[in-house]
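S.K.: quick one: sequence plus predicted model below, questions after.
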Amino acid sequence: MGLVINWITNIILLILFATILELLLPNASTHRYIKLVIGLILLLILLQPVLSLFKMDTENVISQMEKWGQSINADVENIDDLEKSDIESVSLAYISEQVAVQLKKQANAKLVEEYGMTIIDVTVAFHSLHEPTDKENFSGIEVTIAPAGASEESVEGEGDDENIHIAKIEIENKAPEEVNTEEGEETRDMRDRLSYLWEVPEDLITIYEEGGDNK
């Protein structure tokens, strides 16, 4: 509102000034030039509100544009990092699965033959994605095992519901410490065997028995 009042006041003062100046000048030949000058000044005053709309702080505009550009760059970098992370995760999961398949093929027959245990699942973890297939890059191998005939008996039992056999169960009174010692020795033996077959340190291997705890 103050801008409009100031604008109108300037126009009125300019008109009064032009009128007084025209009355004071005795030579009529100079009136034409005076009117031209006054007209130009009046035009500038009339355009003052329009010009003020386009009057901007250049430094402020540049600063805002730089901030906006930095914000866009940061968003783009975040998107790139997320996409890169997703790609690395998918690649690492695929490579881990392929390595696990190879390790299982390498050792399953030996465990069945020597211990009567079959490998159900193998999970391989890596330190980084740079050289995932290098065994020195392994950070851990989790092996899930089960008795070799367990899966076959389960399948046969599902298809033979009519014939139910009850087996006699004999319970031997063994000291818990003795049983745990025997199981620990067998597990350590299996871990040592897997370490030899896979050519990896024994402490990287963790063995789980299906339906039981880790060994």
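M.R.: Perfect, I can see it now. Numbering: from 1, shown residues only.

S.K.: where do the helices of the chain begin and end?
M.R.: For the chain, the helices defined by DSSP state H occupy 2-24, 31-53, 58-115, 150-159, 176-198.

S.K.: looking at this protein, which helix or strand does the model trust least?
M.R.: helix 150-159 (a mean of 48; mean pLDDT, DSSP states H and E).

S.K.: the helices of the chain: lowest mean pLDDT?
M.R.: Ranked by mean pLDDT, those end with helix 150-159 at the bottom, a mean of 48.

S.K.: mind giving me the domain split of the protein?
M.R.: Domain assignment for the chain, taken from automatic domain parsing, gives 2-19+32-53, 97-158+177-209.

S.K.: tell me which of those domains sits most buried.
M.R.: Most buried of those, by mean neighbour count (mean count of other Cβ atoms under 10 Å): domain 97-158+177-209, with a mean of 15. Where you see a C-beta, it was placed from the backbone N, CA and C, and this is true even at glycine.

S.K.: between the two ends of it, how far is it?
M.R.: Domain 97-158+177-209 has an end-to-end distance of 20 Å (Cα to Cα, to the nearest Å).

S.K.: I'd like the numbering to begin with 358 instead of 1 from here.
M.R.: In the new numbering, first residue 358, that becomes domain 454-515+534-566.

S.K.: got the contact list for the residue nearest to Ile368 when sequence neighbours are not counted?
M.R.: Nearest residue to Ile368, sequence neighbours excluded (Cβ to Cβ, 6 or more residues apart in numbering): Ile402, at 5.6 Å. Ile402 sits next to 364, 367-368, 371 when contact means Cβ atoms under 8 Å, 6 or more residues apart in numbering.

S.K.: try 7 Å this time
M.R.: The contact partners of Ile402, by Cβ atoms under 7 Å, 6 or more residues apart in numbering, come to 367-368, 371.

S.K.: same question for Glu559.
M.R.: Here Glu559 is in contact with 548-549, 552 (Cβ under 7 Å, 6+ apart).

S.K.: kindly provide the distance from it to Thr544.
M.R.: The gap separating Glu559 from Thr544 is 11 Å, by Cβ to Cβ, to the nearest Å.

S.K.: over to Thr376?
M.R.: Counting by Cβ to Cβ, the gap from Thr376 to Thr544 is 113 Å.
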